[in-house]
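*Asks:* structure of the sequence below:
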Amino acid sequence: MEAFTLATVSLIIAVSLLIYKKDDPLKRSYAFLCLAISFFKIASLLGNFWKLDPLILGEKIFLLSLPPLTVRFTQIFLKGKTLFASHDFTTTLIVSATLVVISLWIPPRYYLYGEVFSLFYVGYVLFLSYLSLLFYVRKRARSVEKRRLGYLVVAVPIALGLWVFDLWVSFGLSNLVIAALLYFILLIIAYPHLTELHELMAKALVISITTGFAVFLFYLVMGLFNKGRTFPLPFTYVLLACFTIVISISPFKVILEKLFKVIYPESKDVFTSLYALDAKLEREKALLLEEMAPVLAHEIRNPLGSIKGAAQFLYTDAAGESKKLLGVIIEEVDRLNSVVSQFLDYAKPHALNLKIQDINKIVERAVSLIRANGDTARISWEMDFSPALPMMRVDEEQILQLMLNMIMNAIDAMPEGGTLRIKTLRGKLPEVTKAVGIIIQDTGHGMGKEELKNIFKPFFTTKKRGVGLGLAICQKIVKNHGGYIRVKSMPGKGTIFYICIGSITKSTPDDEEVTGTYGKNLGGRR
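*Replies:* Numbers count the residues shown, from 1 in each chain. Next up is the predicted model:
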(Lines give C-alpha, C1' and ligand atoms only; values in the text may rest on other atoms or scores of the structure.)
Protein backbone atom coordinates (compact mmCIF):
# COMPACT_ATOMS: atom_id res chain seq x y z
CA MET A 1 0.00 0.00 0.00
CA GLU A 2 2.75 2.47 0.90
CA ALA A 3 4.51 1.68 -2.40
CA PHE A 4 1.28 2.55 -4.19
CA THR A 5 1.19 5.84 -2.25
CA LEU A 6 4.69 6.74 -3.43
CA ALA A 7 3.87 5.78 -7.03
CA THR A 8 0.65 7.85 -7.03
CA VAL A 9 2.10 10.94 -5.35
CA SER A 10 5.19 11.06 -7.56
CA LEU A 11 3.10 10.50 -10.70
CA ILE A 12 0.64 13.29 -9.90
CA ILE A 13 3.47 15.70 -9.01
CA ALA A 14 5.19 14.88 -12.30
CA VAL A 15 2.10 15.25 -14.49
CA SER A 16 1.02 18.50 -12.81
CA LEU A 17 4.47 20.05 -13.27
CA LEU A 18 4.69 18.94 -16.90
CA ILE A 19 1.28 20.44 -17.63
CA TYR A 20 1.49 23.62 -15.60
CA LYS A 21 5.21 24.45 -15.72
CA LYS A 22 6.37 22.76 -18.91
CA ASP A 23 8.54 25.76 -19.90
CA ASP A 24 10.47 25.87 -16.61
CA PRO A 25 13.67 23.73 -16.90
CA LEU A 26 13.92 23.20 -13.12
CA LYS A 27 10.36 22.02 -12.68
CA ARG A 28 10.52 19.97 -15.87
CA SER A 29 13.66 18.16 -14.70
CA TYR A 30 12.06 17.47 -11.31
CA ALA A 31 8.93 16.22 -13.07
CA PHE A 32 10.95 13.67 -15.08
CA LEU A 33 12.72 12.52 -11.90
CA CYS A 34 9.37 12.00 -10.14
CA LEU A 35 8.02 10.27 -13.23
CA ALA A 36 10.91 7.79 -13.18
CA ILE A 37 10.32 7.07 -9.47
CA SER A 38 6.61 6.53 -10.14
CA PHE A 39 7.17 4.15 -13.06
CA PHE A 40 9.82 2.27 -11.07
CA LYS A 41 7.38 1.69 -8.18
CA ILE A 42 4.54 0.78 -10.57
CA ALA A 43 6.73 -1.79 -12.35
CA SER A 44 7.84 -3.12 -8.97
CA LEU A 45 4.25 -3.43 -7.73
CA LEU A 46 3.08 -5.19 -10.88
CA GLY A 47 6.15 -7.43 -10.78
CA ASN A 48 5.04 -8.70 -7.37
CA PHE A 49 1.86 -10.05 -8.99
CA TRP A 50 3.16 -11.14 -12.37
CA LYS A 51 6.74 -12.32 -12.76
CA LEU A 52 6.97 -11.18 -16.34
CA ASP A 53 10.23 -10.33 -18.09
CA PRO A 54 8.93 -6.97 -19.47
CA LEU A 55 8.02 -5.84 -15.95
CA ILE A 56 11.39 -6.89 -14.58
CA LEU A 57 13.15 -5.09 -17.42
CA GLY A 58 10.98 -1.99 -16.92
CA GLU A 59 11.78 -1.92 -13.21
CA LYS A 60 15.50 -2.11 -14.04
CA ILE A 61 15.29 0.64 -16.69
CA PHE A 62 13.42 3.10 -14.47
CA LEU A 63 15.71 2.41 -11.49
CA LEU A 64 18.81 3.06 -13.59
CA SER A 65 17.26 6.18 -15.12
CA LEU A 66 17.40 7.84 -11.68
CA PRO A 67 21.16 8.66 -11.73
CA PRO A 68 21.17 10.74 -14.97
CA LEU A 69 17.87 12.42 -14.04
CA THR A 70 19.23 13.21 -10.57
CA VAL A 71 22.40 14.71 -12.07
CA ARG A 72 20.39 16.90 -14.45
CA PHE A 73 18.01 18.08 -11.71
CA THR A 74 20.91 18.85 -9.35
CA GLN A 75 22.78 20.81 -12.01
CA ILE A 76 19.74 22.97 -12.78
CA PHE A 77 18.65 23.32 -9.15
CA LEU A 78 22.09 24.46 -7.98
CA LYS A 79 22.79 26.55 -11.11
CA GLY A 80 25.66 24.31 -12.24
CA LYS A 81 27.61 24.72 -8.98
CA THR A 82 27.79 21.02 -8.14
CA LEU A 83 30.29 18.21 -7.66
CA PHE A 84 29.20 16.86 -11.03
CA ALA A 85 31.06 17.84 -14.16
CA SER A 86 29.11 19.31 -17.06
CA HIS A 87 29.40 16.01 -18.99
CA ASP A 88 28.29 13.81 -16.06
CA PHE A 89 24.70 13.70 -17.28
CA THR A 90 25.89 12.07 -20.49
CA THR A 91 28.30 9.83 -18.56
CA THR A 92 25.62 8.54 -16.17
CA LEU A 93 23.22 8.09 -19.08
CA ILE A 94 25.76 5.87 -20.86
CA VAL A 95 26.55 3.93 -17.68
CA SER A 96 22.84 3.35 -16.98
CA ALA A 97 22.18 2.20 -20.54
CA THR A 98 25.19 -0.13 -20.36
CA LEU A 99 23.96 -1.67 -17.11
CA VAL A 100 20.53 -2.26 -18.62
CA VAL A 101 22.08 -4.05 -21.62
CA ILE A 102 24.36 -6.11 -19.35
CA SER A 103 21.38 -7.14 -17.21
CA LEU A 104 19.79 -8.71 -20.31
CA TRP A 105 22.77 -11.08 -20.73
CA ILE A 106 23.88 -11.68 -17.16
CA PRO A 107 23.52 -15.30 -15.97
CA PRO A 108 20.83 -15.88 -13.29
CA ARG A 109 23.41 -16.73 -10.63
CA TYR A 110 24.80 -13.18 -10.89
CA TYR A 111 21.42 -11.40 -10.60
CA LEU A 112 21.98 -10.57 -6.94
CA TYR A 113 25.38 -8.97 -7.68
CA GLY A 114 23.79 -6.94 -10.46
CA GLU A 115 21.01 -5.71 -8.14
CA VAL A 116 23.50 -4.74 -5.43
CA PHE A 117 25.72 -2.89 -7.90
CA SER A 118 22.73 -1.04 -9.38
CA LEU A 119 21.52 0.05 -5.94
CA PHE A 120 25.06 1.11 -4.98
CA TYR A 121 25.34 3.11 -8.22
CA VAL A 122 22.01 4.89 -7.64
CA GLY A 123 22.87 5.54 -3.99
CA TYR A 124 26.29 6.92 -4.90
CA VAL A 125 24.82 9.46 -7.35
CA LEU A 126 22.16 10.49 -4.81
CA PHE A 127 24.88 10.94 -2.17
CA LEU A 128 26.94 13.15 -4.50
CA SER A 129 23.81 15.15 -5.24
CA TYR A 130 23.24 15.72 -1.52
CA LEU A 131 26.89 16.70 -0.98
CA SER A 132 26.54 19.19 -3.83
CA LEU A 133 23.55 20.71 -2.08
CA LEU A 134 25.43 20.85 1.20
CA PHE A 135 28.50 22.57 -0.29
CA TYR A 136 26.32 24.97 -2.29
CA VAL A 137 24.42 26.07 0.80
CA ARG A 138 27.62 26.52 2.82
CA LYS A 139 29.63 28.46 0.24
CA ARG A 140 27.55 29.89 -2.57
CA ALA A 141 23.95 30.40 -1.53
CA ARG A 142 22.74 33.88 -0.63
CA SER A 143 21.16 34.59 2.74
CA VAL A 144 17.50 34.05 1.80
CA GLU A 145 18.32 31.12 -0.47
CA LYS A 146 20.66 29.67 2.19
CA ARG A 147 17.84 29.61 4.72
CA ARG A 148 15.38 28.01 2.33
CA LEU A 149 17.77 25.35 1.02
CA GLY A 150 19.08 24.78 4.52
CA TYR A 151 15.75 23.24 5.41
CA LEU A 152 16.24 20.73 2.60
CA VAL A 153 19.77 19.98 3.83
CA VAL A 154 18.25 19.01 7.19
CA ALA A 155 15.19 17.25 5.75
CA VAL A 156 17.16 14.77 3.63
CA PRO A 157 19.11 13.08 6.48
CA ILE A 158 15.97 13.07 8.63
CA ALA A 159 14.09 11.29 5.85
CA LEU A 160 17.04 8.88 5.39
CA GLY A 161 17.11 8.15 9.11
CA LEU A 162 13.36 7.45 9.19
CA TRP A 163 13.71 5.25 6.13
CA VAL A 164 16.50 3.17 7.72
CA PHE A 165 14.59 2.98 11.01
CA ASP A 166 11.49 1.77 9.20
CA LEU A 167 13.49 -0.93 7.43
CA TRP A 168 14.72 -2.06 10.83
CA VAL A 169 11.39 -2.11 12.67
CA SER A 170 9.32 -3.06 9.58
CA PHE A 171 6.48 -0.55 9.99
CA GLY A 172 6.10 -0.51 6.21
CA LEU A 173 6.22 3.31 5.91
CA SER A 174 9.55 3.77 4.12
CA ASN A 175 7.91 4.66 0.81
CA LEU A 176 5.68 7.11 2.63
CA VAL A 177 8.79 8.88 3.93
CA ILE A 178 10.12 9.18 0.37
CA ALA A 179 6.74 10.51 -0.82
CA ALA A 180 6.79 13.14 1.92
CA LEU A 181 10.36 14.14 0.96
CA LEU A 182 9.37 14.47 -2.70
CA TYR A 183 6.48 16.72 -1.73
CA PHE A 184 8.77 18.81 0.51
CA ILE A 185 11.20 19.29 -2.40
CA LEU A 186 8.22 20.35 -4.52
CA LEU A 187 7.37 23.04 -1.95
CA ILE A 188 10.98 24.26 -2.00
CA ILE A 189 11.19 24.63 -5.78
CA ALA A 190 7.59 25.64 -6.49
CA TYR A 191 7.22 28.21 -3.69
CA PRO A 192 10.51 30.15 -3.51
CA HIS A 193 8.73 32.93 -1.59
CA LEU A 194 8.31 30.59 1.40
CA THR A 195 11.60 31.36 3.11
CA GLU A 196 10.73 30.59 6.73
CA LEU A 197 10.59 27.13 8.24
CA HIS A 198 7.29 27.84 9.96
CA GLU A 199 5.74 28.64 6.54
CA LEU A 200 6.83 25.30 5.13
CA MET A 201 5.90 23.44 8.30
CA ALA A 202 2.51 25.13 8.28
CA LYS A 203 1.82 23.54 4.90
CA ALA A 204 2.93 20.16 6.26
CA LEU A 205 0.73 20.68 9.34
CA VAL A 206 -2.28 21.46 7.15
CA ILE A 207 -1.70 18.22 5.24
CA SER A 208 -1.37 16.25 8.49
CA ILE A 209 -4.53 17.73 10.00
CA THR A 210 -6.48 17.22 6.77
CA THR A 211 -5.31 13.61 6.58
CA GLY A 212 -6.34 13.01 10.19
CA PHE A 213 -9.72 14.58 9.55
CA ALA A 214 -10.23 12.39 6.46
CA VAL A 215 -9.40 9.27 8.50
CA PHE A 216 -11.83 10.37 11.21
CA LEU A 217 -14.63 10.93 8.69
CA PHE A 218 -13.93 7.59 7.04
CA TYR A 219 -14.28 5.67 10.30
CA LEU A 220 -17.26 7.77 11.32
CA VAL A 221 -19.12 6.92 8.11
CA MET A 222 -18.15 3.25 8.32
CA GLY A 223 -19.26 3.14 11.96
CA LEU A 224 -22.65 4.61 11.07
CA PHE A 225 -23.38 2.45 8.06
CA ASN A 226 -21.37 -0.73 8.63
CA LYS A 227 -23.85 -1.90 11.31
CA GLY A 228 -21.23 -2.85 13.87
CA ARG A 229 -19.29 -5.19 11.63
CA THR A 230 -15.49 -5.05 11.85
CA PHE A 231 -14.00 -3.19 8.94
CA PRO A 232 -11.49 -5.44 7.15
CA LEU A 233 -8.91 -2.77 6.19
CA PRO A 234 -6.21 -2.08 8.81
CA PHE A 235 -5.69 1.46 10.10
CA THR A 236 -2.37 1.81 8.25
CA TYR A 237 -4.05 1.24 4.88
CA VAL A 238 -6.77 3.79 5.63
CA LEU A 239 -4.17 6.32 6.77
CA LEU A 240 -2.07 5.85 3.63
CA ALA A 241 -5.10 6.07 1.36
CA CYS A 242 -6.23 9.33 2.98
CA PHE A 243 -2.70 10.74 2.86
CA THR A 244 -2.42 9.84 -0.83
CA ILE A 245 -5.68 11.61 -1.63
CA VAL A 246 -4.88 14.72 0.43
CA ILE A 247 -1.35 15.19 -0.89
CA SER A 248 -2.53 14.64 -4.47
CA ILE A 249 -5.44 17.10 -4.45
CA SER A 250 -3.46 20.25 -5.32
CA PRO A 251 -1.41 18.72 -8.18
CA PHE A 252 -4.50 16.88 -9.43
CA LYS A 253 -6.47 20.16 -9.51
CA VAL A 254 -3.74 21.63 -11.75
CA ILE A 255 -4.17 18.71 -14.14
CA LEU A 256 -7.96 19.07 -14.13
CA GLU A 257 -7.75 22.81 -14.64
CA LYS A 258 -5.61 22.37 -17.75
CA LEU A 259 -7.94 19.67 -19.09
CA PHE A 260 -11.01 21.81 -18.45
CA LYS A 261 -9.43 24.72 -20.34
CA VAL A 262 -9.20 22.45 -23.36
CA ILE A 263 -12.57 20.69 -23.22
CA TYR A 264 -14.57 23.44 -21.48
CA PRO A 265 -12.83 26.81 -22.00
CA GLU A 266 -15.70 28.82 -20.47
CA SER A 267 -15.12 27.30 -17.01
CA LYS A 268 -12.85 30.09 -15.76
CA ASP A 269 -13.98 30.11 -12.14
CA VAL A 270 -14.67 26.41 -11.61
CA PHE A 271 -11.47 25.89 -9.60
CA THR A 272 -11.54 29.18 -7.68
CA SER A 273 -11.47 28.38 -3.98
CA LEU A 274 -13.91 30.10 -1.66
CA TYR A 275 -11.04 30.62 0.75
CA ALA A 276 -8.36 31.59 -1.76
CA LEU A 277 -5.67 34.13 -1.04
CA ASP A 278 -7.20 36.58 -3.52
CA ALA A 279 -9.32 38.27 -0.85
CA LYS A 280 -6.29 38.72 1.39
CA LEU A 281 -4.24 40.18 -1.45
CA GLU A 282 -7.07 42.57 -2.33
CA ARG A 283 -7.26 43.75 1.30
CA GLU A 284 -3.51 44.30 1.39
CA LYS A 285 -3.62 46.30 -1.84
CA ALA A 286 -6.52 48.36 -0.52
CA LEU A 287 -4.64 49.14 2.70
CA LEU A 288 -1.56 50.15 0.73
CA LEU A 289 -3.67 52.39 -1.47
CA GLU A 290 -5.34 53.98 1.56
CA GLU A 291 -1.94 54.85 3.02
CA MET A 292 -0.52 56.12 -0.25
CA ALA A 293 -3.48 58.17 -1.50
CA PRO A 294 -3.44 61.07 1.03
CA VAL A 295 0.32 61.58 0.65
CA LEU A 296 0.10 61.47 -3.14
CA ALA A 297 -2.89 63.83 -3.18
CA HIS A 298 -1.07 66.30 -0.89
CA GLU A 299 2.04 66.31 -3.05
CA ILE A 300 -0.03 66.90 -6.20
CA ARG A 301 -2.43 69.50 -4.83
CA ASN A 302 0.26 71.78 -3.40
CA PRO A 303 1.92 72.56 -6.75
CA LEU A 304 -1.50 72.63 -8.44
CA GLY A 305 -2.60 75.33 -6.01
CA SER A 306 0.52 77.36 -6.75
CA ILE A 307 0.06 76.96 -10.50
CA LYS A 308 -3.60 78.00 -10.33
CA GLY A 309 -2.84 81.00 -8.08
CA ALA A 310 -0.12 82.27 -10.38
CA ALA A 311 -2.30 81.74 -13.47
CA GLN A 312 -5.23 83.60 -11.88
CA PHE A 313 -2.95 86.50 -10.92
CA LEU A 314 -1.65 86.80 -14.47
CA TYR A 315 -5.11 86.25 -15.98
CA THR A 316 -6.45 89.60 -14.67
CA ASP A 317 -3.81 91.62 -16.55
CA ALA A 318 -3.51 89.44 -19.63
CA ALA A 319 -5.18 89.97 -22.97
CA GLY A 320 -5.69 88.20 -26.25
CA GLU A 321 -3.98 84.86 -26.80
CA SER A 322 -2.17 85.00 -23.44
CA LYS A 323 -5.44 85.31 -21.56
CA LYS A 324 -6.86 82.38 -23.50
CA LEU A 325 -3.86 80.18 -22.65
CA LEU A 326 -4.03 81.16 -18.97
CA GLY A 327 -7.70 80.19 -18.98
CA VAL A 328 -6.75 76.78 -20.34
CA ILE A 329 -4.18 76.38 -17.53
CA ILE A 330 -6.78 77.25 -14.87
CA GLU A 331 -9.32 74.90 -16.43
CA GLU A 332 -6.87 72.00 -16.62
CA VAL A 333 -5.71 72.59 -13.02
CA ASP A 334 -9.35 72.32 -11.92
CA ARG A 335 -9.69 69.10 -13.90
CA LEU A 336 -6.56 67.61 -12.32
CA ASN A 337 -7.84 68.60 -8.89
CA SER A 338 -11.07 66.78 -9.72
CA VAL A 339 -9.06 63.68 -10.70
CA VAL A 340 -7.22 63.79 -7.36
CA SER A 341 -10.56 64.10 -5.53
CA GLN A 342 -11.94 61.06 -7.35
CA PHE A 343 -8.77 59.12 -6.56
CA LEU A 344 -9.18 59.96 -2.86
CA ASP A 345 -12.84 58.95 -2.98
CA TYR A 346 -11.84 55.59 -4.40
CA ALA A 347 -8.84 54.95 -2.16
CA LYS A 348 -9.76 56.29 1.26
CA PRO A 349 -11.76 54.19 3.73
CA HIS A 350 -15.24 55.56 4.34
CA ALA A 351 -17.13 55.16 7.59
CA LEU A 352 -20.75 54.61 6.60
CA ASN A 353 -23.32 56.95 8.12
CA LEU A 354 -26.16 54.47 8.10
CA LYS A 355 -29.72 55.67 8.53
CA ILE A 356 -33.15 54.37 7.54
CA GLN A 357 -33.80 55.82 4.08
CA ASP A 358 -36.31 55.63 1.24
CA ILE A 359 -34.31 54.57 -1.83
CA ASN A 360 -36.97 55.98 -4.18
CA LYS A 361 -36.47 59.46 -2.73
CA ILE A 362 -32.67 59.25 -3.12
CA VAL A 363 -33.03 58.20 -6.77
CA GLU A 364 -35.56 60.99 -7.39
CA ARG A 365 -33.19 63.52 -5.81
CA ALA A 366 -30.32 62.38 -8.07
CA VAL A 367 -32.54 62.69 -11.16
CA SER A 368 -33.70 66.18 -10.09
CA LEU A 369 -30.11 67.38 -9.58
CA ILE A 370 -29.00 66.13 -12.99
CA ARG A 371 -32.04 67.54 -14.84
CA ALA A 372 -31.63 70.91 -13.11
CA ASN A 373 -27.88 71.31 -13.71
CA GLY A 374 -27.24 69.43 -16.94
CA ASP A 375 -28.24 69.59 -20.58
CA THR A 376 -30.71 66.72 -20.72
CA ALA A 377 -33.19 68.04 -23.26
CA ARG A 378 -32.14 65.31 -25.71
CA ILE A 379 -32.93 62.58 -23.15
CA SER A 380 -36.33 60.93 -22.81
CA TRP A 381 -36.85 59.90 -19.20
CA GLU A 382 -38.90 56.86 -18.15
CA MET A 383 -39.35 56.30 -14.40
CA ASP A 384 -40.84 53.30 -12.70
CA PHE A 385 -40.45 53.50 -8.92
CA SER A 386 -41.93 50.62 -6.95
CA PRO A 387 -44.12 51.88 -4.09
CA ALA A 388 -43.58 48.63 -2.17
CA LEU A 389 -39.84 49.08 -1.53
CA PRO A 390 -38.68 48.37 2.01
CA MET A 391 -36.96 51.12 3.96
CA MET A 392 -33.22 50.50 3.87
CA ARG A 393 -30.42 51.26 6.29
CA VAL A 394 -27.92 53.01 3.98
CA ASP A 395 -25.56 55.97 3.73
CA GLU A 396 -27.68 58.54 1.90
CA GLU A 397 -24.78 60.60 0.53
CA GLN A 398 -22.97 57.56 -0.84
CA ILE A 399 -26.09 56.17 -2.51
CA LEU A 400 -26.72 59.64 -3.97
CA GLN A 401 -23.14 59.73 -5.33
CA LEU A 402 -23.70 56.24 -6.75
CA MET A 403 -26.87 57.29 -8.57
CA LEU A 404 -25.35 60.52 -9.89
CA ASN A 405 -22.38 58.62 -11.35
CA MET A 406 -24.50 55.87 -12.87
CA ILE A 407 -27.07 58.22 -14.43
CA MET A 408 -24.41 60.57 -15.82
CA ASN A 409 -22.63 57.59 -17.38
CA ALA A 410 -25.88 56.54 -19.04
CA ILE A 411 -26.42 60.07 -20.40
CA ASP A 412 -22.83 60.25 -21.70
CA ALA A 413 -23.45 56.98 -23.57
CA MET A 414 -26.20 58.73 -25.59
CA PRO A 415 -24.52 61.81 -27.13
CA GLU A 416 -27.21 62.09 -29.83
CA GLY A 417 -30.01 61.52 -27.35
CA GLY A 418 -32.06 58.51 -26.42
CA THR A 419 -34.22 56.96 -23.74
CA LEU A 420 -33.09 56.57 -20.14
CA ARG A 421 -35.12 54.13 -18.05
CA ILE A 422 -34.76 54.00 -14.26
CA LYS A 423 -36.64 51.39 -12.30
CA THR A 424 -36.65 50.35 -8.64
CA LEU A 425 -37.86 46.98 -7.40
CA ARG A 426 -37.36 44.53 -4.61
CA GLY A 427 -33.95 42.88 -4.87
CA LYS A 428 -32.74 39.44 -3.89
CA LEU A 429 -29.69 38.70 -1.79
CA PRO A 430 -28.90 35.36 -0.11
CA GLU A 431 -29.55 35.36 3.66
CA VAL A 432 -30.96 38.92 3.47
CA THR A 433 -34.66 39.58 3.98
CA LYS A 434 -34.59 43.18 2.70
CA ALA A 435 -32.86 44.25 -0.51
CA VAL A 436 -33.54 46.85 -3.17
CA GLY A 437 -32.80 46.59 -6.87
CA ILE A 438 -32.21 49.55 -9.17
CA ILE A 439 -32.18 49.19 -12.95
CA ILE A 440 -30.59 51.88 -15.13
CA GLN A 441 -31.00 51.29 -18.86
CA ASP A 442 -29.88 53.47 -21.75
CA THR A 443 -30.24 53.19 -25.51
CA GLY A 444 -26.71 54.37 -26.25
CA HIS A 445 -23.84 52.88 -28.21
CA GLY A 446 -23.43 49.89 -25.87
CA MET A 447 -20.23 47.98 -25.10
CA GLY A 448 -18.41 44.97 -26.45
CA LYS A 449 -17.20 41.96 -24.46
CA GLU A 450 -13.71 43.36 -23.89
CA GLU A 451 -15.06 46.62 -22.49
CA LEU A 452 -17.47 44.76 -20.22
CA LYS A 453 -14.57 42.80 -18.71
CA ASN A 454 -12.76 45.97 -17.67
CA ILE A 455 -15.38 48.62 -16.89
CA PHE A 456 -15.05 48.25 -13.11
CA LYS A 457 -11.25 48.32 -13.16
CA PRO A 458 -9.73 51.56 -11.81
CA PHE A 459 -8.49 53.97 -14.49
CA PHE A 460 -10.11 52.05 -17.35
CA THR A 461 -12.16 54.42 -19.51
CA THR A 462 -13.38 54.79 -23.08
CA LYS A 463 -13.98 58.53 -22.74
CA LYS A 464 -11.48 60.97 -24.24
CA ARG A 465 -11.25 63.02 -21.04
CA GLY A 466 -12.36 60.37 -18.57
CA VAL A 467 -10.44 59.29 -15.48
CA GLY A 468 -11.81 55.76 -15.25
CA LEU A 469 -12.68 55.86 -11.55
CA GLY A 470 -16.43 56.52 -11.70
CA LEU A 471 -17.62 52.92 -12.01
CA ALA A 472 -14.86 51.66 -9.69
CA ILE A 473 -16.16 54.07 -7.02
CA CYS A 474 -19.74 52.95 -7.72
CA GLN A 475 -18.79 49.30 -7.27
CA LYS A 476 -17.02 50.10 -4.02
CA ILE A 477 -20.08 51.95 -2.67
CA VAL A 478 -22.35 49.04 -3.57
CA LYS A 479 -19.99 46.51 -1.97
CA ASN A 480 -19.82 48.65 1.17
CA HIS A 481 -23.60 48.25 1.36
CA GLY A 482 -23.40 44.48 0.99
CA GLY A 483 -24.65 44.45 -2.59
CA TYR A 484 -23.45 43.90 -6.13
CA ILE A 485 -23.62 45.37 -9.64
CA ARG A 486 -24.34 43.42 -12.79
CA VAL A 487 -24.15 44.79 -16.31
CA LYS A 488 -25.42 43.63 -19.68
CA SER A 489 -24.75 45.42 -22.93
CA MET A 490 -25.00 45.00 -26.67
CA PRO A 491 -23.17 47.25 -29.15
CA GLY A 492 -25.60 49.64 -30.82
CA LYS A 493 -28.54 48.70 -28.56
CA GLY A 494 -27.60 50.03 -25.17
CA THR A 495 -26.58 48.98 -21.68
CA ILE A 496 -28.40 47.85 -18.55
CA PHE A 497 -26.93 48.14 -15.07
CA TYR A 498 -28.59 46.22 -12.27
CA ILE A 499 -27.70 47.38 -8.76
CA CYS A 500 -28.74 45.40 -5.70
CA ILE A 501 -28.30 46.96 -2.27
CA GLY A 502 -28.68 45.17 1.02
CA SER A 503 -26.70 44.09 4.06
CA ILE A 504 -23.41 42.17 3.98
CA THR A 505 -23.79 38.72 2.44
CA LYS A 506 -21.54 35.74 1.90
CA SER A 507 -22.26 35.30 -1.78
CA THR A 508 -23.98 36.79 -4.78
CA PRO A 509 -26.38 35.12 -7.17
CA ASP A 510 -25.40 34.02 -10.59
CA ASP A 511 -25.73 36.30 -13.58
CA GLU A 512 -28.79 34.41 -14.75
CA GLU A 513 -30.61 35.18 -11.51
CA VAL A 514 -30.04 38.92 -11.71
CA THR A 515 -30.44 39.34 -15.47
CA GLY A 516 -33.45 37.10 -15.83
CA THR A 517 -35.95 39.84 -14.97
CA TYR A 518 -34.56 42.41 -17.35
CA GLY A 519 -32.41 40.61 -19.92
CA LYS A 520 -35.27 40.55 -22.42
CA ASN A 521 -35.07 44.32 -22.75
CA LEU A 522 -31.94 43.97 -24.88
CA GLY A 523 -33.46 42.36 -27.92
CA GLY A 524 -34.63 39.31 -25.97
CA ARG A 525 -31.07 37.96 -25.66
CA ARG A 526 -29.11 37.16 -22.53
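*Asks:* now do stretch 409-421: distance to the chain's middle.
*Replies:* In terms of CA atoms, centre = their mean, to the nearest Å, the centre of stretch 409-421 is found 38 Å from the chain centre.
*Asks:* with stretch 438-452 instead?
*Replies:* The answer for stretch 438-452 is 29 Å, by CA atoms, centre = their mean.
*Asks:* could I get the buried residue list for it?
*Replies:* Of the residues in stretch 438-452, Ile438, Ile439, Ile440, Gln441, Asp442, Thr443, Gly444, His445, Gly446, Met447 count as buried by neighbour count, 16 or more other CB atoms under 10 Å. C-beta here means a position set from N, CA and C on the backbone, and glycine is covered the same way.
*Asks:* who's in contact with the closest residue to the last one other than its chain neighbours?
*Replies:* What it means is Met447. Spatially, and ignoring its direct neighbours in sequence, Met447 is nearest to Ser489 (4.2 Å; CB to CB, 6 or more residues apart in numbering). By CB atoms under 8 Å, 6 or more residues apart in numbering, the contact set of Ser489 is Gly446, Met447, Glu451, Leu452, Thr495, Ile496, Leu522.
*Asks:* apply 7 Å and report the result again.
*Replies:* Listed by CB atoms under 7 Å, 6 or more residues apart in numbering, the contact partners of Ser489 are Gly446, Met447, Leu452, Thr495.
*Asks:* you'd agree the second one is in a helix?
*Replies:* What it means is Met447. No. Applying DSSP: H, G, I helix; E, B strand; the rest coil, one finds Met447 to be coil, outside a helix.
*Asks:* that one and Ala190: what is the separation?
*Replies:* Plainly put, Met447 is 39 Å away from Ala190 if you go by CB to CB, to the nearest Å.
*Asks:* same check on the third one?
*Replies:* Plainly put, Leu452 is 35 Å away from Ala190 if you go by CB to CB.
*Asks:* check the first one too.
*Replies:* Plainly put, Gly446 is 44 Å away from Ala190 if you go by CB to CB.
*Asks:* low-confidence ranges, the stretch 151-300 of the chain, go.
*Replies:* Applying pLDDT under 70 to the stretch 151-300 of the chain picks out residues 170-173, 191-204, 227-232, 247, 251, 254, 264-295, 298.
*Asks:* the same query, at a cut-off of 50, please.
*Replies:* Applying pLDDT under 50 to the stretch 151-300 of the chain picks out residues 274-277, 279.
*Asks:* would you map the helices across it?
*Replies:* Assigned by DSSP state H, counting those that start in this stretch, the stretch 151-300 of the chain shows helices spanning 174-190, 197-225, 235-263, 278-317.
*Asks:* most packed of these?
*Replies:* Counting by mean count of other CB atoms under 10 Å, helix 174-190 has the highest mean neighbour count of the helices of the stretch 151-300 of the chain, with a mean of 21.
*Asks:* just want the angle from that helix to helix 197-225.
*Replies:* Calculated by axes from the mean of the first three to the mean of the last three CA atoms, to 10 degrees, helix 174-190 forms an angle of 130 degrees with helix 197-225.
*Asks:* helix 174-190 to helix 235-263, inter-axis angle?
*Replies:* 40 degrees.
*Asks:* give me the helices and strands touching helix 174-190, please.
*Replies:* On a contact count with 3 or more CB pairs under 7 Å, 6 or more residues apart in numbering; DSSP states H and E, helix 174-190 meets helix 2-20, helix 25-49, helix 143-169.
*Asks:* where do the helices of the stretch 401-526 of the chain begin and end?
*Replies:* According to DSSP H, counting those that start in this stretch, the stretch 401-526 of the chain carries its helices in the segments 449-454, 470-480, 511-515.
*Asks:* name the residues of the longest one that are buried.
*Replies:* This means helix 470-480. For helix 470-480, a neighbour-count test (16+ other CB under 10 Å) marks Gly470, Leu471, Ala472, Ile473, Cys474, Gln475, Lys476, Ile477, Val478, Asn480 as buried.
*Asks:* make JSON lines out of these and add distance to Phe89 and pLDDT.
*Replies:* Formatted as JSON lines, those follow (distance: CB to CB, whole Å; pLDDT from 0 to 100):
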{"residue": "Gly470", "distance to Phe89": "59", "pLDDT": "75"}
{"residue": "Leu471", "distance to Phe89": "56", "pLDDT": "83"}
{"residue": "Ala472", "distance to Phe89": "53", "pLDDT": "80"}
{"residue": "Ile473", "distance to Phe89": "58", "pLDDT": "81"}
{"residue": "Cys474", "distance to Phe89": "59", "pLDDT": "86"}
{"residue": "Gln475", "distance to Phe89": "54", "pLDDT": "85"}
{"residue": "Lys476", "distance to Phe89": "55", "pLDDT": "83"}
{"residue": "Ile477", "distance to Phe89": "61", "pLDDT": "86"}
{"residue": "Val478", "distance to Phe89": "59", "pLDDT": "88"}
{"residue": "Asn480", "distance to Phe89": "59", "pLDDT": "82"}
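*Asks:* farthest-apart pair in the residues you listed, please.
*Replies:* Pairwise distances across the buried residues of helix 470-480 peak at 15.9 Å for Gly470 and Asn480 (criterion: CB to CB).
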